[in-house]
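[1] Okay, predicted coordinates and the sequence, questions at the end:
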Amino acid sequence: MLITKKKRKFVEIRPRKALMTKLTMPGIRVLLFICLFSFQYVDAQQNNIWYFGKKAGLDFGQTPPAPLHNSAMDTDEGSSNICDKNGNLLFYTNGVTVYNRNHQVMLNGNGLLGNISSVQSAIIIPHPGNINLYYIFTTDAIETDFAAGYNYSLVDITLDNGNGEVISKNTLLWASCTERLTAARHQNGTSVWLITNDRSSNIFRSWLIDCNGLNTTAVVSTVGFVLNGYDLMNTGMMKVSPDGKQLCQAHFPSFDDTNPVPNYVQLFDFDNATGSITNPRQVGFAGGQIISCEYSSNSRFLYLSRPFEQELDQLEATLPTAAYVISSRVIIKTVNTSYYGIQLAPDEKIYLAQPSTLLGVINSPNVKGAGCNFQKGQVDVNEGIGGSAYIGFPAYINDLSYDGSNRYDYSIMDSCTGTVQFNGFASVPGTITWVWDFGDGFTSTAQNPVHSFAVTAQRYTVTLIIRSTGGCQLFERTIKKKVVPKGVILTPAFDFTAVCSTGVAEFTNKSSFLPDTAKVQYYWDFDDGNTAADTNPVHTFSSGGIFNVRLTIKTTKACLDQSITHPVDLKVLNIQVSPGSEIDAGETVQLNVTGGGTNFKWTPNTGLSNPAIANPVAKPLRNTMYVVTAFNEAGCQDTDSVYIKVRQVPGIYVPTAFTPNNDGKNDIFKPFLSDEFDLLEFSIYNRWGQKIFMTAQKEVGWNGKLNGLVQDTGVYVWIVNGVDTRSGKRVAKKGTFVIIR
C-alpha cells in the first residue's frame, strides 16, 4: 500500500502500477517435494542482512549493526531477505524483482506478482526438506485492487553458480488477498506456517510448508471481526509473536471524515501445532489510528505504531482479556516523527522506519514503560553515501529474529569471580545436543553449564548451538550473546561548569555502563564534607580552593563499583604580569603571567608569538599596552596589563615580505617611519610596472588585493617618498618585497 493521496498519505506520490504480467514457464514444477534426505538448517543468522526502502541496508552481523550501501532494491513498503546459516546473503526481493547475492537480478527473477506498495509484499521461506530450495510468497496491493492475489515462486540457490534461479514463478496460492502476509514456525521447530487473510473478511488460512514442501490445502479459521467497513481495512500487517502463541492483525484507519470508523487491532491465539486461530480480542483507543504492530522478543509486549499521531503504544499482550490489555497501555511520543514499518531484529531490538535515512530504535523492548528506551533517529542508514528507509522493513518467519522456544538464558552467580549459570531451552522433538563456546577458549556439552571467566570485566561472545535430528531434517539453532561476567562494565565520567564568584558548580554526568539495563546508583563526594546521590547535581562550595570531586558508580556489589576523581579549581585568581619594559624597535621581550589560570587571552595580539598562552614573546613596533585575562576551568578570571615602550630608531623601515592570509598577523604591508619623518607617498608596483597601490598616510597599508581581487604570490616593488622634519630634506627609498600565502 503506497502512501498516496488516495489513502491520505503523508506525501503526494503517484501510485505505481504493479507488474501484472505473469510469466508462463513450460514445465512449471509441481511444488510437492518428497523428502530428499538433505539437511535443512534452521538458524537465526538467516536474517542478519536487511535490505529495504530506497536501497537501504543493515548488517546485524556487526555490533552495532552497520549500514550497507550495495542494495539494488527500491521498495515503498514490503520486502524480504534470506541468508545462509552463517549470515551470508543469499538473495532478497521486493515482491516484484529478486536480487541475488551479487545484487543483480536473479535468473528468471523479474515479474513476480507482488507489489512494492504492499505492506507485506513478500516473505521468503526455506524449504524444510531441501536445503537448496526457497519459497517466495507474494501478495498484491490495494492500488491494483488486489487483482493478483497470493502467489508463490521457487528458487533453487544452487543454480547459476550459486547465485540462484527462480525455477517456477507466480503459481496462484489463493485469489482473495489483503496486503497482510506472515509466517510462523511449527511446533516441531522445522516446518513453517504461512498465514494469509481473505479480502474484506474474517477468514484466515494457515498453509503448512513441511519436509514435503507446500501443502496446498489450508487450515481455515473464521474468527474475529469481519473487516469490510472500508477497503483500507485490507491494508496493514500481521505478526506472530516469537513464541508462536499469538497473532496480531492491524489495518489502516479510515480517513473519511464523513463516515469515520474506529480503528483497532485484533489479537488472536495461534496454535503453532495445528495452525488454527482462535480467541479474538479487539484492542483499540478513542481516536487511535494504528497501522502496524510488532512483539518484543519475550512475547510479553506488543508495540503499535500510530504515525499520524506521532506516537507508539506499548501493551502487555499476554494479559487474559482485551480490557486488561488496553489498561496496560503506555504511550511513547515519537517527537514530531511518524514511524510506519516496525520490525524485531536479531539484536532483540525493535526498529522503526520512516521516509528518511534515520531509523528509530526501541532498545529494550522487553522492559515495561519508559525503560524500553525508545530513541528517535538512532541509526543512520545513509552515512553520506547510502540509501534511505521508507515505510517498511523485511518480513521474516516469526522466530528468525528471536526463537523463544529454542534459546539460552544466563544469570550471574558471583560477579566478583565471574561465575555464570547458563541454561539451554529447546522444544523440538528428537535427541538434542548442546554445544557451548564461552568465547574464552573453553567449551561445554551440558545443557545447563556453570562457567567462571578469568577476566570478569571483559565482554565475551558466548555461542550455543542446539541440534536435534528427526525425520528428514537436522534442526540447528545458533544463538550468540554478549556476556559480561562481572555483570556490568562501568565507565564513570563527568564534566562541570561553575560561576566562580558564587561558588556554584553544575555537574554533568557522562558515565556509561553495559548492559544498558543495569541498575546503578551515583555517589558524589565534593571534598568539602558534602555528598550527593543525584545524577547531575548542582553544588555550592562555601569557599574558594581546589576540590578533588569524586564520582562513584555503585551497584549491589562493592567489587563492581568504579570511581573517578577530577579537580575543581575554585581558587580566586590573582594574576601578575611581568613588569613593563623599554626596548628598541625590532627587539623582543618575554611576557609572563603568575598567579594561576589555565587559559589566557592577550589583547591586542599584534606582535605576540601566541596570544593564548601565559608567556608569549612580544615584538611591538610601537608603544603598546598589553592586557591579559586569565581563566580557570571553574570560570574564575582575573585581568592585568603591562606597558612596553618602544624606542624608535630614526629612519624609514620597510619589511621584505608579508602574509595576507587573514590570520591577524602580518596581513598588511606598510612602511614604518620614525617620528622624525613625514610620509609623502608610499606606492607599490607589480612585476609589469603597474602601480597597484598608493597612500600618503603613515598607518595605511596594502592588503594584497587589487580591485578586490587577491594578487598572486611573488616579488613586488615599493617606493617611499618622505620628508625629514629636522632638516626639511626630501628622502626617497626603493626596494622589493615578497607576498607569501
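    Received, thanks.

[2] tell me the contacts of residue 475?
    Residues near residue 475 by Cβ atoms under 8 Å, 6 or more residues apart in numbering: 42, 189-190, 406, 428, 430, 466-469. C-beta: built from backbone N, CA, C; applies to glycine.

[3] ok, now residue 460?
    Counting by Cβ under 8 Å, 6+ apart, residue 460 has contacts 438-440, 453, 482-485.

[4] Could I get the buried residue list for stretch 319-338?
    Buried residues in stretch 319-338, counted by 16 or more other Cβ atoms under 10 Å: 319, 322, 325-326, 328, 330, 332, 334, 338.

[5] roughly how far is it from the heart of the chain?
    25 Å (Cα atoms, centre = their mean, to the nearest Å).

[6] mind checking the end-to-end distance for that stretch?
    Length of stretch 319-338, first residue to last, Cα to Cα, to the nearest Å: 28 Å.

[7] got it, and stretch 684-691?
    6 Å.

[8] likewise stretch 395-407?
    21 Å.

[9] List the buried residues of it.
    395-407.

[10] cool, stretch 248-258 as well?
    Using 16+ other Cβ under 10 Å as the test for burial, stretch 248-258 gives 248-254.

[11] avg pLDDT for it?
    The average pLDDT within stretch 248-258 is 82.

[12] which residues are in contact with it?
    Under Cβ under 8 Å, 6+ apart, the answer for stretch 248-258 is 1, 7-8, 180, 197, 224, 227, 229-230, 232-241, 260-261, 263, 265-268, 289-293, 295, 302, 304, 308, 317.

[13] Out of those, which sit inside strands?
    197, 238-240, 265-268, 292-293, 295, 302, 304 (DSSP state E).

[14] Just among those, which is most surrounded?
    residue 292 (31 neighbours; other Cβ atoms under 10 Å).

[15] do you know how far that one is from residue 76?
    14 Å (Cβ to Cβ, to the nearest Å).

[16] Spatially nearest residue to residue 363 (excluding sequence neighbours)?
    Once flanking residues are discounted, residue 363 sits nearest to residue 373: 4.0 Å by Cβ to Cβ, 6 or more residues apart in numbering.

[17] residues near that neighbour, how many?
    The burial count for residue 373: 15, using other Cβ under 10 Å.

[18] So it sits against residue 350, correct?
    No: applying Cβ atoms under 8 Å, one finds residue 373 not in contact with residue 350, separated by 10.6 Å.

[19] Find the residues that touch each one of the two.
    Common contacts of residue 373 and residue 350, defined by Cβ under 8 Å, 6+ apart, comprise residue 362.

[20] how near is residue 696 to residue 677?
    In terms of Cβ to Cβ, residue 696 sits 13 Å off from residue 677.

[21] between these two, which one's more packed in?
    residue 677 (20 against 13).

[22] what pLDDT does the spatially closest residue to the more buried one that is not a sequence neighbour get?
    Distance criterion Cβ to Cβ, 6+ apart; nearest residue to residue 677, sequence neighbours excluded, is residue 722 at 4.8 Å. If you check residue 722, the pLDDT there is 94.

[23] just how off-centre is the helix or strand encompassing residue 722 within its chain?
    Element membership for residue 722, per DSSP states H and E: strand 714-724. Taking Cα atoms, centre = their mean, one finds strand 714-724 lying 62 Å from the centre of the chain it belongs to.

[24] Does anything pack onto that strand? Which helices or strands?
    When contacts are defined as 3 or more Cβ pairs under 8 Å, 6 or more residues apart in numbering; DSSP states H and E, strand 714-724 sits against strand 677-685, strand 730-739.

[25] low-confidence ranges in the stretch 601-741 of the chain?
    Residue ranges of the stretch 601-741 of the chain with pLDDT under 70: 634, 649.

[26] wait, what's in contact with residue 626?
    Counting by Cβ under 8 Å, 6+ apart, residue 626 has contacts 577, 591, 602-604, 608, 618, 641-644.

[27] Among those residues, which are located in strands?
    Those of the contacts of residue 626 lying in strands (DSSP E): 577, 602-603, 618, 641-644.

[28] can you list those in a markdown table and add distance to residue 147?
    As requested, the ones in strands among the contacts of residue 626 are exported to a markdown table (distance: Cβ to Cβ, whole Å):
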| residue | distance to residue 147 |
| --- | --- |
| 577 | 87 |
| 602 | 79 |
| 603 | 78 |
| 618 | 85 |
| 641 | 86 |
| 642 | 88 |
| 643 | 91 |
| 644 | 90 |
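
[29] picking that back up, can you name the residues bridging to the residue nearest to residue 677?
    residue 679, residue 731 (DSSP bridges).

[30] The most centrally placed residue in the chain and residue 92: what is the separation?
    For the chain, residue 379 is the residue whose C-alpha lies nearest the centre (Cα atoms, centre = their mean; 1.7 Å). In this view, residue 379 and residue 92 are 19 Å apart by Cβ to Cβ.

[31] in stretch 548-559, what counts as buried?
    Buried positions in stretch 548-559, judged by neighbour count with 16+ other Cβ under 10 Å: 549-555.

[32] Verify the contact between residue 730 and residue 723 for me.
    Yes: judged on Cβ under 8 Å, residue 730 makes contact with residue 723 at a distance of 5.8 Å.

[33] quick one, which of these two is more surrounded?
    Between residue 730 and residue 723, residue 723 has the larger neighbour count (other Cβ under 10 Å), namely 16 against 10.

[34] Now for the residue nearest to that one when sequence neighbours are not counted: which residues touch it?
    Once flanking residues are discounted, residue 723 sits nearest to residue 678: 4.8 Å by Cβ to Cβ, 6+ apart. Residue 678 makes contacts with 722-723, 725, as judged by Cβ under 8 Å, 6+ apart.

[35] Columns distance to residue 504 on top of the contacts of residue 475, output as CSV?
    Formatted as CSV, these follow (distance: Cβ to Cβ, whole Å):
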residue, distance to residue 504
42, 61
189, 63
190, 66
406, 57
428, 63
430, 69
466, 59
467, 64
468, 65
469, 70
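
[36] Looking at these, which one is closest to residue 217?
    When those are ranked by distance to residue 217 (Cβ to Cβ), residue 190 comes first, at 19.6 Å.
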